[in-house]
Structure formats: C-alpha cells, structure tokens
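*Asks:* Let's see this in three dimensions:
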Amino acid sequence: MAHGTLVARGAYHDSVVLLTLARALRAHAGVRDAAALMGTPANRDLLAQAGLLTPEAETAGPNDLVVVIAADSDAAAAAALALADPLLAGSTPRTGEGGRPRPRTLATAARRMPEANLTLISVPGAFAAAEARAALRIGTHVMLWSDNVSLEEERRLKRDAAERGLLLMGPDCGTAYVAGVGLGFANEVERGPVGIVAASGTGLQQVATLLAARGHGLSHGIGVGGRDMGREIGGIMTLAALELLGGDEATRVIVVLGKPPAAEVRAAVRSRLAAIGKPAVVCLLGREDADGGAGSGDISNSSPVAVSTLEDAALAACALLEKTGWRRQPFSVSDVERRIAEARRTLTPGQSLVVGLYAGGTLAHESLLILGPLVGPIASNLAGGAGRHRVIDLGADEFTVGRAHPMLDPGARVDAIREAAARPEVAVLLLDVVLGHGAAADPAGDLADALRSARAGARAHGRGLAVVATVVGTARDPQDLAAQIGTLEAAGAWVLPSNAQAARAAACIAGGDAVRRALLGGTRT
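*Replies:* Residues are numbered from 1 along each chain as shown. This is a model prediction of the structure:
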C-alpha cells in the first residue's frame with residue numbers, strides 16, 4: 001500500500017470541514033483510506049491506531065493540518081492529495097455578509113454583534129478551554145462542541161460560568177435547543193412547554209422527536225455534557241439549567257436525561273426539582289433502571305416521575321402535560337407478534353445473536369441496557385465485557401479517525417453491516433438512523449444497498465437475517481421522515497417508533513418464545 005501525506009503549517013480548519021474532505025478523498029479512485037485532521041497529540045495517536053501515522057504526519061503540531069492518504073499506488077495517493085487544496089478552498093468561505101472578512105477572534109465577532117449572547121465553539125480540544133473562557137469573559141453563554149477537554153478544565157469553566165450566571169454546555173455537546181433554535185445535530189421541532197436537561201446528543205433528539213410526534217414542542221433543550229452529573233463535576237450545569245427552566249414561564253414540564261449520576265448529584269437534582277415545584281420526569285439510563293418493557297407501572301401527575309427509557313420519558317412528559325393516565329407498554333404498534341413470527345421462520349437453529357450497530361451513543365447505551373436482561377451478556381465498546389451479542393457505538397473515537405461521524409459518513413457502518421451479516425450465527429441487525437440538521441442528506445439511502453446485500457447474502461446461504469431499526473426524526477426534518485422510513489422498509493428493515501421498541505423487537509426475534517412471552521404474555525398486541 002502506498003501513502004501520501006500533506007502537512008500544512010498553521011492552517012486551521014473546522015473539524016466538520018475536515019471530515020467532509022476526508023470523505024471526498026476516500027471516494028477517489030484507488031484510495032483505500034484517508035484522514036484529514038489537525039495535528040494534535042490525540043489526533044496523532046488516532047492516526048497511529050488506524051495505521052496512517054506517516055513520518056511526515058509525526059512532525060505536525062496542533063496548529064497544523066494533516067492529510068494522509070492510503071492508496072493502491074503512489075500515483076493514486078498523489079492524485080488524491082492534489083484534490084485537498086481545491087476542496088478546502090471551496091468549503092471555507094473567507095468573507096461573511098457584505099463581503100467583509102470573517103472575524104478571526106471572539107473579540108472581533110463580539111464587536112460586530114454586540115447583541116449576541118451565545119458562542120458555539122468547535123476547535124481542537126487543546127484550545128477549546130481557552131476559547132470558552134474568553135467567551136464567558138465577554139458575557140456569552142457557551143455551547144462547547146469540542147471534545148478532549150480535561151475534567152479539571154471543565155470543572156473550572158463550569159464554576160466560572162455559574163458565578164457569572166451563564167451556561168457552559170458541554171464539552172462534547174452535540175445537540176441543544178435554545179429559545180427555539182436548534183444547535184449542532186438538531187431536529188426540526190416546534191416550540192412548546194417541555195424543557196429538557198440532557199447530557200446532549202441523540203438522547204435529547206430521541207425525546208424531542210417523540211414529543212413532536214405527539215404534538216408537543218420544546219421550550220429549551222440544554223445539553224450539559226456527558227460528564228456533568230459525575231462526581232468530579234458535581235452537576236454544576238445540570239443544576240444551573242434546572243434553575244433556569246424553573247424560572248421560565250414557557251416551561252411547564254421538565255425532563256432530565258442522563259447516565260447514572262453520582263449519588264450526591266442525584267440527590268441534588270431531586271432536591272432542586274422539588275424546590276422548583278414543576279412536574280418533572282427523570283430518566284437516568286443505568287443498569288439498576290433497565291427496563292425490558294413489561295406492561296406495568298402506572299404513573300400519576302406526581303413529580304418527579306422516574307422512568308427507564310427515552311420513550312418512557314417522552315410519554316410520561318405527555319401524560320403530565322395532558323393530565324392523563326399512562327401505562328408502560330413494550331410496543332405501540334399492532335402487528336408485533338406477526339412480524340416477530342415471520343422473522344423467526346427464516347432463521348436457522350444456529351441463529352440467535354443480536355448485533356447493534358449505532359450512530360447514536362446514547363441510543364446504543366439504552367439498547368445495551370434493554371437487551372442485556374432479555375438475551376444475556378453483551379460485548380460493547382461502551383461498557384467492555386464479554387458476551388455473545390454485540391452493541392457497538394460507531395461514533396466512538398476508534399471508528400472516526402479521519403472519517404466523519406456515522407451520522408455524516410456511512411462508511412464504517414456499511415463495513416460493519418457486511419462483517420456482521422457474514423457471521424452465520426447472527427439473527428438480527430439492530431440500527432438507528434438519525435435525521436436533522438447536521439446529519440447526512442439521505443442516511444437511510446446510504447445504508448439501503450448494504451442492507452439489501454446483507455439479506456441477499458444470508459438467503460444465498462440458506463438462512464434469514466432480520467433488520468430492525470428506528471428513525472429519529474420529525475416530518476419537518478430536511479431528510480423527510482416518511483421517505484427515510486420507506487427507504488429502510490424497501491430494503492427489508494422493520495422500522496419501529498422508538499429505539500426502546502426496536503431493541504425489544506430484536507430481543508424477541510433472537511431470543512425466541514421465552515422473551516416474547518416475557519414481554520407480551522399470552523395475548524396478541
């Protein structure tokens with residue numbers, strides 16, 4: 001294999017631009033892999049893990065752009081590298097509105113927009129904390145998209161923000177909704193009476209879109225970062241966000257989403273909710289809260305209501321808004337048993353494994369918790385461990401070196417679908433497709449050919465292969481929710497209304513009658 005490397009000194013580009021560049025280079029004839037990123041120590045480590053750390057790339061510093069091509073020949077590598085400069089030039093505008101040069105510092109931007117009160121930061125982690133600190137000093141809230149910010153820096157930034165009465169959302173905050181404006185990966189949802197505090201990302205998107213499907217919108221969706229409720233940070237921004245939602249007249253119901261917090265943070269959250277006095281729902285995705293979906297657990301309008309899945313969080317919030325009763329059910333569609341039976345009839349006796357291939361980390365985590373009690377131990381890059389079944393978060397660092405997140409680039413997931421489908425013991429592929437601004441233009445279409453090929457390959461070897469999926473989106477999203485569902489169904493997938501329902505359906509197909517009876521009993525749904 002031949003390699004080509006470009007190191008551009010002092011040439012910073014946004015990560016989304018670089019990931020788009022890498023995808024374009026990877027599509028060039030003769031190219032096997034490509035990476036485009038800043039030469040930070042963490043990124044050089046990722047290049048090394050991917051076998052792309054060339055001697056030239058090793059010399060790059062944090063301010064330097066690195067492009068590495070792995071190709072079939074020197075000529076193919078050189079031809080792909082020659083495309084890098086024009087592609088970057090076309091994707092990075094040099095001027096803003098009115099033809100003026102784009103501001104190069106926060107101070108310049110603040111002078112041009114003195115009314116602005118929020119700064120979104122997406123720079124390499126080594127520089128993110130300094131930029132966030134500068135944004136707080138000029139008096140703006142911060143959405144910190146960047147990752148690789150240390151715990152100590154996060155704690156300092158959040159304490160500073162709290163003292164100033166500002167929000168510091170993140171680090172690694174992928175999604176937020178502020179006063180009706182979606183930031184990062186965000187779906188089109190109406191404004192409404194539900195305020196959400198969440199780690200950020202696809203968990204927030206799942207609840208927001210499920211609420212939208214039932215006619216309810218968001219007042220705000222504040223992403224606090226995945227580490228905020230841990231002992232080291234102490235829930236600083238979770239508590240600050242709750243205080244803001246508590247004083248917001250437009251917020252009638254509060255929803256808190258996250259992974260299990262430190263015990264003292266859990267107590268502080270409940271105490272803050274009690275002091276606020278608004279109806280609230282708390283969904284903390286931990287093993288102690290895992291829910292296979294048995295139809296039990298009536299709730300009332302008491303506050304806070306504890307639930308164990310993202311779908312339950314949305315449904316409980318609706319019940320609180322509408323002042324109606326609600327009862328947990330494993331499925332909300334009418335032909336579950338028929339679809340399960342049809343899928344099982346195609347399987348051979350040796351097929352009993354579920355493989356979850358996820359773009360959304362929170363959705364992967366939720367499915368891990370649902371599947372475990374139903375089908376047994378699961379191996380995962382989220383939690384480690386050994387097990388026959390697998391749930392993989394393909395948005396994790398090991399899958400995204402030089403490659404866009406799977407919500408943008410399907411390459412890693414297409415490869416994983418092909419690999420899983422070749423294993424004769426696999427019964428179900430479990431997938432999520434996430435729509436919205438920032439996501440791929442046609443994410444279902446990006447996967448459809450791979451799914452058709454996987455199912456055809458299984459049939460050619462005398463076995464079936466079930467594909468179970470959920471689509472996180474709304475009718476107003478640019479990708480068109482109905483069209484995306486139709487594309488997946490045309491490729492042979494069974495699309496369910498939520499990730500929780502998809503995980504349960506996968507368990508019923510792979511786990512057989514015992515699991516079906518545990519979820520559905522002896523009656524038809």
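
*Asks:* residue nearest the centroid of this structure?
*Replies:* residue 360 (3.2 Å; CA atoms, centre = their mean).

*Asks:* Kindly state the pLDDT recorded for it?
*Replies:* pLDDT recorded at residue 360 is 91.

*Asks:* now the residue at the greatest distance from the centre of the chain: how far from residue 31?
*Replies:* Within the chain, residue 75 marks the point farthest from the mean C-alpha position, 37.6 Å out by CA atoms, centre = their mean. Relative to residue 31, residue 75 is positioned 11 Å away (CB to CB, to the nearest Å). In this view, the C-beta of every residue, glycine as well, is placed from N, C-alpha and C.

*Asks:* after the lowest-mean-pLDDT helix or strand in the chain, next one along is what?
*Replies:* Ranked by mean pLDDT, DSSP states H and E, the weakest helix or strand in the chain is helix 397-400, scoring a mean of 71. Under the assignment DSSP states H and E, the closest C-terminal helix or strand after helix 397-400 is helix 411-421.

*Asks:* Run through the neighbouring helices and strands of that next one.
*Replies:* Helix 411-421 is packed against strand 353-358, strand 426-434, helix 443-460, with contacts defined by 3 or more CB pairs under 8 Å, 6 or more residues apart in numbering; DSSP states H and E.

*Asks:* Including mean neighbour count and distance to residue 368, could these go into JSON lines?
*Replies:* Listed next are the helices and strands packed on helix 411-421 as JSON lines, based on neighbours: other CB atoms under 10 Å; distance: least, CB to CB, whole Å:
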{"stretch": "strand 353-358", "mean neighbour count": "26", "distance to residue 368": "8"}
{"stretch": "strand 426-434", "mean neighbour count": "28", "distance to residue 368": "11"}
{"stretch": "helix 443-460", "mean neighbour count": "19", "distance to residue 368": "21"}
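
*Asks:* Using CSV, lay out these together with distance to residue 482.
*Replies:* As requested, the helices and strands packed on helix 411-421 are exported to CSV (distance: least, CB to CB, whole Å):
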stretch, distance to residue 482
strand 353-358, 22
strand 426-434, 13
helix 443-460, 11
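
*Asks:* if we can go back for a sec, who touches the residue nearest to the centre of the chain in this structure?
*Replies:* Contacts of residue 360 were listed using CB atoms under 8 Å, 6 or more residues apart in numbering, and they are 201-203, 205-206, 393, 395, 407, 432, 434, 472, 499.

*Asks:* how near is the nearest residue to it once chain neighbours are set aside to residue 158?
*Replies:* Spatial nearest neighbour of residue 360, excluding adjacent residues (CB to CB, 6 or more residues apart in numbering): residue 202 at 3.0 Å. According to CB to CB, residue 202 and residue 158 sit 23 Å apart.

*Asks:* Could you do residue 449 as well?
*Replies:* Residue 449 is 45 Å from residue 158, by CB to CB.

*Asks:* cool, and residue 325?
*Replies:* Taking CB to CB, one finds residue 325 at 39 Å from residue 158.

*Asks:* Now do the helix or strand containing residue 274: which elements does it pack against?
*Replies:* Take DSSP H and E as the rule and residue 274 turns out to sit in helix 263-276. Applying 3+ CB pairs under 8 Å, 6+ apart, one finds that helix 263-276 contacts helix 236-246, strand 253-258, strand 280-284.

*Asks:* so which of those is the most packed in?
*Replies:* strand 253-258 (a mean of 27; mean count of other CB atoms under 10 Å).

*Asks:* The host helix or strand of residue 514: which residues count as buried?
*Replies:* Secondary structure assigned from DSSP H and E places residue 514 in helix 513-520. Across helix 513-520, burial judged by 16 or more other CB atoms under 10 Å covers 515-516, 518-520.

*Asks:* Among those, which one sits closest to residue 411?
*Replies:* Using CB to CB, residue 515 comes nearest to residue 411 of the buried residues of helix 513-520, at 32.9 Å.

*Asks:* quick one, which of the helices and strands packed on helix 411-421 is nearest to residue 377?
*Replies:* strand 353-358 (11.6 Å).

*Asks:* low pLDDT regions in the chain?
*Replies:* Where the chain drops to pLDDT under 70, the residues are 90-99, 287-303, 397, 400-404, 522-525.

*Asks:* now do 50
*Replies:* Across the chain, the ranges flagged by pLDDT under 50 are 292-297, 523-525.

*Asks:* Strands of the stretch 1-150 of the chain, residue ranges please.
*Replies:* 2-8, 31-38, 65-71, 118-121, 141-144 (DSSP state E, counting those that start in this stretch).

*Asks:* so can I have TSV of those strands showing distance to residue 411 and mean neighbour count?
*Replies:* Formatted as TSV, the strands of the stretch 1-150 of the chain follow (distance: least, CB to CB, whole Å; neighbours: other CB atoms under 10 Å):
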stretch	distance to residue 411	mean neighbour count
strand 2-8	19	19
strand 31-38	9	23
strand 65-71	14	26
strand 118-121	27	19
strand 141-144	27	26
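
*Asks:* okay, those strands in JSON lines with distance to residue 414 next?
*Replies:* What follows is the strands of the stretch 1-150 of the chain, written out as JSON lines (distance: least, CB to CB, whole Å):
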{"stretch": "strand 2-8", "distance to residue 414": "23"}
{"stretch": "strand 31-38", "distance to residue 414": "14"}
{"stretch": "strand 65-71", "distance to residue 414": "18"}
{"stretch": "strand 118-121", "distance to residue 414": "30"}
{"stretch": "strand 141-144", "distance to residue 414": "31"}
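
*Asks:* Which among those is found nearest to residue 466?
*Replies:* strand 31-38 (31.0 Å).

*Asks:* Between strand 2-8 and the closest one, find me the angle.
*Replies:* 20 degrees (axes from the mean of the first three to the mean of the last three CA atoms, to 10 degrees).

*Asks:* What strands line up against strand 31-38, and which way round?
*Replies:* strand 65-71 (antiparallel) (DSSP bridges).
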